[in-house]
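**Student:** predicted model, plus sequence, below.
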Amino acid sequence: MLTIELSTGVISVCSDGQAELSSLFEMAERNNPKRSFLFVSKVLGKHIPVTPSAMKASHRTLAAKIPTGLPEPVLFIGMAETAVGLAAGVHREYTRLGHQACLVTSTRHPVDGELFCEFKENHSHATDHLIYLPEDPRLRERFLTAKSLVLVDDEATTGNTFFNLYQSLSAAGLSQLSHIVTATLTNWSDGKLASRLDIPVNEVCLVSGSWSWQPKPDAPVPVMPSVNVTARGLAPMATQQNWGRLGCEQHQLTLTSNHTQYAGKKILILGTGEFMWQPFLLGEQLEAAGAEVYLSSTTRSPISIGMAIKCGVAFGDNYGLGIANFMYNIFPNDYQHILLCTETPASFIDPELQAYLSGGNATLEIIVHD
């Protein structure tokens, strides 16, 4: 049993298995009145820097747990923003096992495509999600005729978001679904999704269990910045969207960097918002070329400093939405080079973020996805 006292209450977590909880996550406190606690993963590469090899190991473990013989076509959906890279990684390892599947990720950034449905993540700092149809006609057909749905997120606490997504997909016309798999790093939902659906549900994860929350009656209400924006910003976005938002079947690195100059060096590769998978693929290549690589990402998630969050920086978002973004647990002096990867022009990177990242001993390079 893990029990953590926060300013607004006490969270208790009990694992069903033998996994060492401290190796997978730490707790933190959200600046969010709807849900105060946050499971901060040590293998996700979002809020805590993680090596590509450690991330890939979790991808492989989850992919291997997905049942074989799922009714086809199989559709993967990854949850923005946190699980975009995780979903792509699990999808890639699943296809490497010889299976076929289409991947789509939800998004909070409208793109040039055909919107299929919207759904809500009610407890989130940014509740609204968009699901687009794949661009490729063949992948679109697989999407529309999918019989198995693999839902990927970093953690499941109640199963409500998965249920909201399933309802929205069904209402929009995904009528042939006969099997659901949830793939998460941690699952504390205790089978609640399966109890609400009339089709089979398999839950795969690295660790599962239960949780309880005891609020403090007199606790101050957290103040959450206004980041619930689902709109086009002033920044033009990269034309290549085939890594998730508009459908994906194969995974190919399209970011470019000089691999040889980083061999033997300690590198931080920093994604921006939902743009996490291409930075991972770059990190994987640089790690294979001999660099000591760590991956992390900026986020719109407001989290208090303390416990899993050792430091944090706030700055303006790079999409031109005029909202706050954040970066956690990044100490620039820990690295020799920092590669900041973005799907928007470099001119939209907040100078305050650039100043922070280049204020130590590391050299800063901004890599823009076309």
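**Tutor:** Noted; the coordinates are in hand.

**Student:** beyond the top strand by length along the chain, next helix or strand please.
**Tutor:** Across the chain, the strand with the greatest residue count (assigned by DSSP state E) is strand 201-215. Sequence-wise, the next helix or strand downstream of strand 201-215 (DSSP states H and E) is strand 266-271.

**Student:** check what contacts that next one and list those residues.
**Tutor:** For strand 266-271, contacts defined as Cβ atoms under 8 Å, 6 or more residues apart in numbering pick out 49, 85, 278-280, 282-283, 286, 291-298, 327, 330, 332, 334-341, 357, 362. Where you see a C-beta, it was placed from the backbone N, CA and C, and this is true even at glycine.

**Student:** can you flag the buried ones in these?
**Tutor:** Burial by neighbour count, judged by 16 or more other Cβ atoms under 10 Å, picks out 49, 85, 278-280, 282-283, 286, 291-298, 327, 330, 335-341, 357, 362 from those.

**Student:** leaving out sequence neighbours, find the closest residue to Leu2.
**Tutor:** The shortest distance from Leu2 to any non-neighbouring residue, by Cβ to Cβ, 6 or more residues apart in numbering, is to Val13 (4.5 Å).

**Student:** same check, this time on Cys248
**Tutor:** Closest residue to Cys248 apart from its sequence neighbours, by Cβ to Cβ, 6+ apart: Leu103 at 4.4 Å.

**Student:** near that neighbour, how many other residues are there?
**Tutor:** Neighbours of Leu103 under the rule other Cβ atoms under 10 Å: 30.

**Student:** give me the pLDDT value at it.
**Tutor:** Here the pLDDT value assigned to Leu103 is 98.

**Student:** mind listing the residues bridging to it?
**Tutor:** Assessed by DSSP bridges, Leu103 has beta-bridge partners Phe76, Cys248.

**Student:** now do the contacts for it.
**Tutor:** By Cβ under 8 Å, 6+ apart, the contact set of Leu103 is 76-78, 87-88, 91, 244, 247-249.

**Student:** try it again at 7 Å.
**Tutor:** 76, 78, 87-88, 91, 244, 248 (Cβ atoms under 7 Å, 6 or more residues apart in numbering).

**Student:** show me where this protein has its helices.
**Tutor:** Ranges of helices within the chain are 21-24, 52-65, 84-96, 137-144, 160-172, 192-196, 277-288, 351-357, based on DSSP state H.
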